[in-house]
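J.: Okay, predicted coordinates and the sequence, questions at the end:
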Amino acid sequence: MIGSVIRTLLINTPAVAALIGDRMKAIKFAQAEDLPALMYSTDNLQPLACRNGGGVYYGTLELSLLAKRYAEIEQLLTVIRLVLDNFSGVVDGWSLSIEAGIEGPDDEDIELQAYYKRIDFFITAERQ
């Protein structure tokens, strides 16, 4: 639900689209697909536990960046941070508030022959 909203936000950003086109998928990415690409997960977003929290969700947006060259990871990470770090706005009928991302370590997948980077964002989302 909210993952598709994040996908819309990123794919509709020209700098992101220039790097990945529409290669942004939920959770899994096939080895044969073109890179660079993004995978996302919003599985742990939960309804806010408070008296008036109906319709408000809070949790982590997990983004995994994949690319054949490390320079592409750096480019993609830069544009994603420009879009998502401290974002506040309405996308596809959802009000989003996104905190600055927390980066995981750099990694290389020998079988995929690609570089990998994960970044997590805390997100609050409310349907408008």
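T.: On my side now, so go ahead.

J.: biggest strand in the protein by residues?
T.: Ranked by residue count, the top strand of the chain under DSSP state E comes out as strand 114-127.

J.: ok and the longest helix seen in the chain relative to strand 114-127, angle-wise?
T.: The single longest helix within the chain, with elements called by DSSP state H, is helix 70-84. If you take axes from the mean of the first three to the mean of the last three Cα atoms, to 10 degrees, helix 70-84 sits at 10 degrees to strand 114-127.

J.: hmm, who's touching helix 70-84?
T.: 9-10, 13, 15-16, 19-20, 35-36, 38, 61, 63, 65, 67, 98, 100-101, 103, 106, 115-117, 119, 121 (Cβ atoms under 8 Å, 6 or more residues apart in numbering). Heads up, the C-betas are built off the backbone N, CA and C, glycines and all.

J.: Drop anything exposed from these.
T.: Buried subset of the contacts of helix 70-84 (neighbour count, 16 or more other Cβ atoms under 10 Å): 9-10, 13, 16, 19-20, 35-36, 38, 61, 63, 65, 67, 98, 101, 115-117, 119, 121.

J.: re the thing from before, and the longest strand of the chain, how far from the chain's centre?
T.: Taking Cα atoms, centre = their mean, to the nearest Å, the mean C-alpha location of strand 114-127 is offset from the chain mean by 4 Å.
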